[in-house]
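J.: My questions are about this predicted structure, shown below with the sequence.
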Amino acid sequence: MARYSRTEGTIALITLSNPPVNALGAAVRRTITDIMHRALTDGEVKAVVLCGENGTFCAGADIREFGKPPSGPALVPLIHDMEASEKPVVAAIEGVALGGGLEIALGCHYRIAHAKARLGFPEVMLGLIPGAGGSQRLPRLIGIPAALELITTGRLVSAQEALKLGIVDQVVDGNTIETAVKFALNVIGVCRPLLSRRLSERTPAFSVDAAAVLEEGMARVKQRARGAFAPVVCVQALRAAATLPYSRGMETEEQLINMLIDSSQARALQYCFFAQRNARKWSLPSGARWNNSKPRAVHRVGVVGLGTMGRGITVSLVKAGISVVAVEMEEKQMDLGMRAVLGMLERDAQRRGDTRPPTHLLTFTLSLQQLGNVDLVIEAVFEDMALKKRLFTELCNVCKPSTLLCTNTSGLDVDALAVVTHRRSLVVGMHFFAPANVMKLLEVVCGPHSSAEAVATAMTLGKRLGKVGVVVGNCPGFVGNRMMKLYLDQAYFLLEEGAAPEQVDQVLEEFGFTMGIFKVSDLSGLDVGWRVRKASGLIGPDVNPKTPSRWRQGCRYSPLPDLLCEQGHLGQKSGRGWYLYETPGGKEPKPDPAMHRFLQEYRSRYGLTPRHVHAHEVIERCTYAMANEGFRILEEGIAARAEDIDVIYVFGYGWPRHRGGPMFHAAQVGLATVLQRLEHYHQLHPDVPHLQPSPLLQRLVEAGSPPVHHWREHVQHLHSHL
Ligand SMILES: CCCCCCC/C=C/C(=O)SCCNC(=O)CCNC(=O)[C@H](O)C(C)(C)COP(=O)(O)OP(=O)(O)OC[C@H]1O[C@@H](n2cnc3c(N)ncnc32)[C@H](O)[C@@H]1OP(=O)(O)O
């Protein structure tokens, strides 16, 4: 928990010891409080050095304790006593000093950091503010503007930046604890400077500028927060630091943290924190798991297809220091792709102040033969099964027998590709999201033949690329796009019933989505879905001409997006889609009067009487339809956990993190309510079978709506597709 020792005769060394990150759980707080008291009252001790075991100072409060009844001593009095002490207290910061860990360090009189240390207040990402004096001490140390930026964004700073900002006093390359001990010996008995080291006794100068900074900060934060409270409350805490004496500022901080600590948003954000980490802990029915399966070494990767996805994937790989052989079939495409990749790398290097992008890692070629020596191939050609099958057959002949063959398909059958190869166990899906060099999500799609080694290799490669990998089973659309289809269907139906695209989008954005569904559709291009619908036989020559336009495969169907595509309205790229753009390629969507006329004509052609669609209906139909499919996905064993589905939505589909994800949201609304609303909408729309509540949802409600982590136990015939 924490250890006490004496060094150099007069120095007390207190070492936090709570692996893996020295989080400040109740037992740790109790031990440090006791041994700090011992050190501060022991007449032989002249100074204290505080450090953490195993190269980590402290990652802050133990997040697992939030939401439970409080126990153990609080941090605020401990930090207060330490700061008030007449004996110098020096923090020796290695690894990380985050949240409560940094608050403890700010209560020390001096801070020495290792060159590789990182410091910050990430509480905002957990729906909180720094609530143990951090919101009051940091602005007193580095000023309002810098503190505002760090606290409202949760950004971590390097030791070097911390030195520039004045957060730490010294940065060392060598032994941090030894340096801190020497430092402590030097400051023993130097009383006057110690007085000035107590941050609570400083007054932050509240100039007119600071008032303006806070006002601007509040406006910026409100605009970016997408409905999240914590960033706004962070600004309120900083305003208290700027305008009130320290003790009153601390009272305000306490009121603000108490308001947040039990909020639904804080719960959702903390759930996301653990869900993201749990997603790494995959397992297969064979018993193979993340911690017993060895990934293969990947030094050289082939990327086939240099369209939007292939370019982003190539950039991601090169930025992670991996050699890439990028293959295109046509010279013109190759040239376009090559220029786009080099441009992206150039801009990225400039942003990082690096003069030379790592282009030496790249080979561009028109020949698949050059893939003979790669460890893994990522296929990113058109979503055309026949084309992909031909390619996989050829890759088998060209690549060495141990090469993993991965497909970036966004929903086609990974197993159908595996069976055309002689190495089924080495085929997995690696589904990146556009733009692949920016988006964090990676669905690793595991077919019935995929080996544990292949899954482990894809997940490990994803991690190297900075992605959040989630292992999912093989079914049309996997997890993300399978649920997305139902979300889109509801959005189209809402247009048929009377809504406008910008109205639906506004409601979704107010809910917190990064972008409304119709803006997303314009950005990705309406032709993407059009191709998928053609391939799946929903439109095209195979459809019986007698089938009504609004009826497909036994259910309600909206031909609205197909009609737009037929008119060449493909979204941003054509200057027109659900919105109007100034020019083809334009980025600013404007409501389109022609779209409103088109919808009116469409509704009268099909005898649909438009009605006012309320915001709550938009949210309920879109999000409950998604969650309902999520329950089916769980039941079918396509996803291992509800958390995995939520991670996919938060990292790949702009779902607001402070709402946890579609499954967590359903739990927060109440499963009984979701069930009842789905029944209501299904009664109104019996031609939409997906609105019928899934059996798992019904069973969960019957079982009294257990917490998310227990849902899997209610799956009737547990069968994993992973
Ligand atoms: C009225 C109430 C007043 C309350 C006042 C409270 C004041 C203080 C508040 C806080 O301090 S809130 C916490 C702020 N700190 C953080 O948000 C840090 C979170 N952690 C991280 O960012 C990262 O974990 C890391 C420390 C940078 C390490 O990253 P790395 O990639 O190396 O490892 P991970 O896989 O992320 O973590 C390893 C392991 O540790 C668990 N863990 C990490 N941090 C915490 C924590 N603060 N509490 C509990 N557990 C933590 C993490 O879940 C991993 O666990 P496993 O998955 O391995 O089981």
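T.: It's in. Numbering: from 1, shown residues only.
J.: The ligand contacts on the stretch 1-150 of the chain?
T.: 20-21, 23, 59-64, 75, 96, 98-100, 122-123, 126, 128, 131-132 (Cβ under 6 Å from any ligand atom). The way it works is simple: take the backbone N, C-alpha and C, and place the C-beta from them, glycine included.
J.: again with the chain
T.: So the chain meets the ligand at 20-21, 23, 59-64, 75, 96, 98-100, 122-123, 126, 128, 131-132, 257-258, 261, 277 (Cβ under 6 Å from any ligand atom).
J.: list the contacts for the residue of the stretch 251-400 of the chain at minimum distance from the ligand?
T.: Nearest to the ligand in the stretch 251-400 of the chain, going by Cβ to the nearest ligand atom, is Arg277, at a distance of 3.9 Å. By Cβ atoms under 8 Å, 6 or more residues apart in numbering, the contact set of Arg277 is empty.
J.: residue contacts, the residue lying closest to Thr355 once chain neighbours are set aside?
T.: Residue nearest to Thr355 in three dimensions, not counting chain neighbours: Ala349, with 6.9 Å by Cβ to Cβ, 6 or more residues apart in numbering. Contacts for Ala349 (Cβ under 8 Å, 6+ apart) come out as Thr355, Arg356, Pro357.
J.: okay, now the first one: neighbour count?
T.: Burial measure for Thr355: 7 neighbouring residues, criterion other Cβ atoms under 10 Å.
J.: separation between Phe183 and Glu629?
T.: 59 Å (Cβ to Cβ, to the nearest Å).
J.: show me where the stretch 551-700 of the chain has strands.
T.: 551-552, 555-556 (DSSP state E, counting those that start in this stretch).
J.: between the ones you listed, which gets nearest to Glu502?
T.: strand 555-556 (23.4 Å; Cβ to Cβ).
J.: Mind checking which of the residues of the stretch 1-150 of the chain next to the ligand are buried?
T.: Buried members of these, counted by 16 or more other Cβ atoms under 10 Å: 21, 23, 59-63, 75, 96, 98-100, 122-123, 126, 128, 131-132.
J.: From those, which land in helices?
T.: Using DSSP state H, the subset of these located in helices is Leu75, Gly100.
J.: buried residues in stretch 42-50?
T.: Buried residues in stretch 42-50 (16+ other Cβ under 10 Å): Val45, Lys46, Ala47, Val48, Val49, Leu50.
J.: Make CSV from those residues and add distance to Val650, secondary structure and pLDDT to it.
T.: Output for these, formatted as CSV (distance: Cβ to Cβ, whole Å; DSSP: H, G, I helix; E, B strand; the rest coil; pLDDT from 0 to 100):
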residue, distance to Val650, secondary structure, pLDDT
Val45, 48, coil, 96
Lys46, 50, coil, 95
Ala47, 46, strand, 96
Val48, 42, strand, 97
Val49, 40, strand, 98
Leu50, 36, strand, 98
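J.: Give the single residue among those residues positioned nearest to the ligand.
T.: For the buried residues of stretch 42-50, the nearest to the ligand is Leu50 (15.8 Å; Cβ to the nearest ligand atom).
J.: just to revisit the earlier point, helix or strand: which one has the residue nearest to Thr355?
T.: Taking DSSP states H and E as the criterion, Ala349 maps to helix 331-351.
J.: export that helix as PDB, just CAs?
T.: Only the C-alpha atoms of helix 331-351 are listed here, as PDB (Å, rounded to 0.1, in the frame of the first residue of the first chain):
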ATOM      1  CA  GLU A 331      -1.200   3.300 -62.700                       C
ATOM      2  CA  LYS A 332      -3.500   6.300 -62.400                       C
ATOM      3  CA  GLN A 333      -5.000   5.100 -59.100                       C
ATOM      4  CA  MET A 334      -1.500   4.300 -57.800                       C
ATOM      5  CA  ASP A 335      -0.300   7.800 -58.600                       C
ATOM      6  CA  LEU A 336      -3.300   9.400 -56.900                       C
ATOM      7  CA  GLY A 337      -3.000   7.100 -53.900                       C
ATOM      8  CA  MET A 338       0.800   7.700 -53.600                       C
ATOM      9  CA  ARG A 339       0.400  11.500 -53.700                       C
ATOM     10  CA  ALA A 340      -2.400  11.400 -51.100                       C
ATOM     11  CA  VAL A 341      -0.400   9.200 -48.700                       C
ATOM     12  CA  LEU A 342       2.800  11.300 -49.100                       C
ATOM     13  CA  GLY A 343       0.700  14.500 -48.600                       C
ATOM     14  CA  MET A 344      -0.900  13.100 -45.400                       C
ATOM     15  CA  LEU A 345       2.500  12.000 -44.000                       C
ATOM     16  CA  GLU A 346       4.000  15.400 -44.900                       C
ATOM     17  CA  ARG A 347       1.300  17.300 -43.100                       C
ATOM     18  CA  ASP A 348       1.500  15.100 -40.100                       C
ATOM     19  CA  ALA A 349       5.300  15.600 -39.900                       C
ATOM     20  CA  GLN A 350       4.800  19.400 -40.200                       C
ATOM     21  CA  ARG A 351       2.200  19.300 -37.400                       C
END
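J.: Which residue comes closest to Ile257 once chain neighbours are left out?
T.: Using Cβ to Cβ, 6+ apart, the nearest residue to Ile257 is Gly131, at 3.3 Å.
J.: average pLDDT across stretch 241-255?
T.: When pLDDT is averaged over stretch 241-255, the result is 96.
J.: repeat for stretch 467-475
T.: So the average pLDDT for stretch 467-475 ends up being 97.
J.: repeat for stretch 679-688
T.: 97.
J.: what about that stretch, distance to the chain center?
T.: Distance of stretch 679-688 from the chain centroid (Cα atoms, centre = their mean, to the nearest Å) equals 33 Å.
J.: now swap in stretch 77-86 and tell me
T.: On Cα atoms, centre = their mean, the centre of stretch 77-86 falls 37 Å from that of its chain.
J.: cool, stretch 693-708 as well?
T.: Going by Cα atoms, centre = their mean, where stretch 693-708 is centred and where its chain is centred differ by 27 Å.
J.: Quick check: end-to-end length of it?
T.: 17 Å (Cα to Cα, to the nearest Å).
J.: How about residues contacting stretch 53-65?
T.: Against stretch 53-65 from outside (Cβ under 8 Å, 6+ apart): 3, 15-26, 28, 51-52, 71, 75, 91-105, 117, 122-123, 126, 270, 273-274.
J.: and these, which are buried?
T.: 15-16, 18, 21-25, 28, 51-52, 75, 91-105, 117, 122-123, 126, 270, 273.
J.: Compile the strands of the stretch 551-700 of the chain into CSV and extend it with columns for mean neighbour count and distance to Glu178.
T.: Output for these, formatted as CSV (neighbours: other Cβ atoms under 10 Å; distance: least, Cβ to Cβ, whole Å):
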stretch, mean neighbour count, distance to Glu178
strand 551-552, 15, 72
strand 555-556, 16, 71
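J.: Any chance of these in a markdown table with distance to Gly537 and mean pLDDT as columns?
T.: Formatted as a markdown table, those follow (distance: least, Cβ to Cβ, whole Å; pLDDT from 0 to 100):
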| stretch | distance to Gly537 | mean pLDDT |
| --- | --- | --- |
| strand 551-552 | 9 | 94 |
| strand 555-556 | 14 | 96 |
